[in-house]
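*Asks:* A structural model of the following input is requested.
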Amino acid sequence: MKPSVQRLLDQDQKLCDRRSFFKSLGGAAAAVGTAAWLSDEEIEGAVKNVQRNSIPSQLKITDLRVAVVTGAPMTVPIIRIDTNQGISGFGEVRDGGSKTYALILKSRILGENPCNVDRIFRKIKQFGHHARQAGGVCGIEMALWDLAGKAYGVPAFQMLGGKFRDRVRLYADTTEGAAGLQRQPGTLPDGVTAGKRLKARMDLGITYLKQDFGIGLLRGIPGTLSAPLGFDSRSPEYRTTQHPFTGIEITDKGVEILSNFVGEIRSVIGMEIPLSSDHYGHISVNSCIKLARAMEKHNLAWMEDMVPWQLGHLVKQIRESTTTPILTGEDIYLKEDFIKLIDMEAVDMIHPDLASSGGLLETKKIGDYAMEHGVPMAMHFAGSPISFAANVHCAAATENFISLEHHSIDVPWWGDMVNPKPEIEKGFAVVPERPGLGIESLNEEVIKQHLHQDHPGYFLPTPEWDKDRVNDRLWS
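*Replies:* Numbering: from 1, shown residues only. As a prediction, the model looks like this:
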């Protein structure tokens, strides 16, 4: 074959290759028109600004790694899912959960296209359970939405159907310690001091408050509690004994002291701002009813988790005995048990934690079902800015949303873990318009400064979890 003929054939092959390349780019090829006739240099210049780091149909999961952060204020395992196209998605195991909950799922998601979020969720949801045990499934689901959004260039809320709001209202949780309630046993709890701490939150622009109070504030005050000898909130078995089985009851004197405590708080913050509450202690349903009735005059926004959510008939009994709104849900996994509580009219409000309830899409489904039955949804949250971003997107996309918990107002470095920082304005989180969850990168320096001492690695390789597969099928 003559050299001139070979040159013509080579040029024709290059031309075909360029045509195939532009055809794969779809709309990008149309933008450059007759680019197939351009030189190699002209083609390179024409496409250098085209987004080529993601072809969604060809995206595959290649890795999952973890970094465990502590003091945010809780301990949270952050997960990173990597892909064959150089983009990564971030998620988070719920506060206080184990990184193992996510790692055991790695072999089941490798090679999957992360844009198939619901398909992968249905594949792995059998490995979740209530409370922290749901953390691996939910953390991966967060990361999948982050990846899908980055692949398609749209924010997560858009993939959930769009948003109902541009800003998400926050409520500030305030523990007894954060409220300045350190005191000597036997002395009365100081509601004025607690009120001033809450007032400081209001001065930051917070428009919804929560203050913890319960039988711990009655410790050492004679005549306030009846309990079996040697059994109180400090005994080892107390934490593992459900409320109806402790034998602990609040006396009328104890109820009066707690009511006066909340009244003092109201005297400082006023009656206009919503004030919710939590952490009453493991007390019987009858003590819960007495306490809830005493709170009616203080117009609380809700009383939270008065008895375990699994005892729905007792939750309903409390609800029907008071005008104080009753709320539960932070430890419930998947929509089915929320549906049961809603159908039996056991709650005034629901309170899913997205890192336990099933992730963004499942929580939106929960909220939508609640709305159809006239039940509003607040959202529990106590994690890093990653889970916070997931919550903000879900809250924006769910119509009956009321308020999202913010547990890290007192942690100065909390927002510095991610780039860009969460945008919070006067008690509202601004819904990010960036792709995925809106987190472009992690701040490696800040996260490394707060790694858990028992888990000091920063997204180290996890090859030992690559092939942990069994027959997961639940039917024959």
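
*Asks:* so who does Pro325 touch?
*Replies:* Residues near Pro325 by C-beta atoms under 8 Å, 6 or more residues apart in numbering: 300-303, 348-349. Where you see a C-beta, it was placed from the backbone N, CA and C, and this is true even at glycine.

*Asks:* The residues you listed into JSON lines, with extra columns for neighbour count?
*Replies:* Output for the contacts of Pro325, formatted as JSON lines (neighbours: other C-beta atoms under 10 Å):
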{"residue": "Leu300", "neighbour count": "20"}
{"residue": "Ala301", "neighbour count": "22"}
{"residue": "Trp302", "neighbour count": "23"}
{"residue": "Met303", "neighbour count": "23"}
{"residue": "Asp348", "neighbour count": "19"}
{"residue": "Met349", "neighbour count": "20"}
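
*Asks:* Just the ones in strands from the residues you listed, please.
*Replies:* 303, 349 (DSSP state E).

*Asks:* Any chance of the contacts of Pro325 in TSV with pLDDT and distance to Ser357 as columns?
*Replies:* Compiled in TSV, the contacts of Pro325 are given as follows (pLDDT from 0 to 100; distance: C-beta to C-beta, whole Å):
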residue	pLDDT	distance to Ser357
Leu300	98	24
Ala301	98	20
Trp302	98	17
Met303	98	20
Asp348	98	18
Met349	98	14
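
*Asks:* between the contacts of Pro325, which is closest to Glu399?
*Replies:* Using C-beta to C-beta, Met349 comes nearest to Glu399 of these, at 14.5 Å.

*Asks:* doesn't Leu327 make contact with the closest one?
*Replies:* Yes. In this structure, Met349 is within contact of Leu327 by C-beta atoms under 8 Å, at 4.3 Å.

*Asks:* Spit out the contact partners of the residue nearest to Leu64 when sequence neighbours are not counted.
*Replies:* Computed as C-beta to C-beta, 6 or more residues apart in numbering, the closest residue to Leu64 that is not its neighbour in sequence is Lys106, at 4.3 Å. Contacts for Lys106 (C-beta under 8 Å, 6+ apart) come out as 64, 462, 465-466, 468.

*Asks:* Name only those of those residues that count as buried.
*Replies:* Neighbour counting with 16 or more other C-beta atoms under 10 Å marks 64, 462, 465 as buried within the contacts of Lys106.

*Asks:* How is this structure divided into domains?
*Replies:* 3-47, 56-150+458-465, 158-211+268-279+298-446 (automatic domain parsing).

*Asks:* export those to TSV and tack on distance to Cys288?
*Replies:* Shown next, in TSV, are the domains of the chain (distance: least, C-beta to C-beta, whole Å):
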stretch	distance to Cys288
domain 3-47	60
domain 56-150+458-465	21
domain 158-211+268-279+298-446	4
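
*Asks:* Indicate which one of those domains is closest to Arg473.
*Replies:* For the domains of the chain, distance to Arg473 was read as C-beta to C-beta. The smallest value, 9.5 Å, belongs to domain 56-150+458-465.

*Asks:* Name the residues contacting each of Met349 and Leu327.
*Replies:* In contact with both Met349 and Leu327: 302, 378, using C-beta under 8 Å, 6+ apart.

*Asks:* coming back round to it: taking the contacts of Lys106 together, which two end up most distant?
*Replies:* Going by C-beta to C-beta, the pair spanning the contacts of Lys106 furthest: Leu64 and Asp468, at 11.7 Å.

*Asks:* And the strands in the stretch 301-450 of the chain?
*Replies:* Applying DSSP state E, counting those that start in this stretch to the stretch 301-450 of the chain gives strands spanning 303-304, 326-328, 349-350, 377-379, 401-406, 418-419, 424-425, 428-430, 441-442.

*Asks:* out of the ones you listed, which comes closest to Phe245?
*Replies:* Closest among those, using C-beta to C-beta: strand 326-328, at 18.3 Å.

*Asks:* got the contact list for the spatially closest residue to Phe388 that is not a sequence neighbour?
*Replies:* Nearest residue to Phe388, sequence neighbours excluded (C-beta to C-beta, 6+ apart): Pro422, at 5.9 Å. By C-beta under 8 Å, 6+ apart, the contact list for Pro422 reads 385, 388-389, 392, 415, 429.

*Asks:* Glu112 too?
*Replies:* 60-61, 119-120, 123.

*Asks:* That one looks like it's in a helix, true?
*Replies:* No. Counting by DSSP: H, G, I helix; E, B strand; the rest coil, one finds Glu112 to be coil, located in no helix.

*Asks:* what about the stretch 351-476 of the chain, any weak spots by pLDDT?
*Replies:* 469 (pLDDT under 70).

*Asks:* The residue nearest to Leu64 and Gln133, how far apart?
*Replies:* 17 Å (C-beta to C-beta, to the nearest Å).

*Asks:* Next: Arg65.
*Replies:* 21 Å.

*Asks:* Look at these two and report which has more neighbours.
*Replies:* When Arg65 and Gln133 are compared for neighbours, Arg65 comes out ahead with 21 against 17, by other C-beta atoms under 10 Å.

*Asks:* Need phi/psi at the more buried one.
*Replies:* phi -130, psi 160 (degrees, to the nearest 10).

*Asks:* Pretty sure it sits against Pro461.
*Replies:* Yes. Assessed by C-beta under 8 Å, Arg65 is found in contact with Pro461 at 6.9 Å.

*Asks:* quick revisit: is it possible to export the strands of the stretch 301-450 of the chain to a markdown table including distance to Thr251?
*Replies:* Compiled in a markdown table, those are given as follows (distance: least, C-beta to C-beta, whole Å):
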| stretch | distance to Thr251 |
| --- | --- |
| strand 303-304 | 19 |
| strand 326-328 | 22 |
| strand 349-350 | 29 |
| strand 377-379 | 31 |
| strand 401-406 | 31 |
| strand 418-419 | 48 |
| strand 424-425 | 42 |
| strand 428-430 | 42 |
| strand 441-442 | 51 |
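
*Asks:* where does stretch 76-90 sit relative to the chain's centre, distance-wise?
*Replies:* 17 Å (C-alpha atoms, centre = their mean, to the nearest Å).

*Asks:* Number of residues surrounding Ser476?
*Replies:* Ser476, neighbours per other C-beta under 10 Å, totals 3.

*Asks:* Enumerate every residue touching it.
*Replies:* Contacts of Ser476 (C-beta under 8 Å, 6+ apart): none.

*Asks:* now for the strands of the stretch 301-450 of the chain, which one comes closest to Ser98?
*Replies:* The nearest among the strands of the stretch 301-450 of the chain, by C-beta to C-beta, is strand 441-442 at 20.5 Å.

*Asks:* List the neighbours of that closest one that are in contact with it.
*Replies:* With C-beta under 8 Å, 6+ apart, strand 441-442 has contacts from 78, 80, 90, 417-419.

*Asks:* count of neighbours near Tyr208?
*Replies:* Tyr208, neighbours per other C-beta under 10 Å, totals 22.

*Asks:* Does it touch Tyr171 like I think?
*Replies:* Yes. Using C-beta under 8 Å, Tyr208 makes contact with Tyr171 at a distance of 3.6 Å.

*Asks:* Give the residues shared as contacts by those two.
*Replies:* 274, 276, 403.

*Asks:* Thank you, goodbye.
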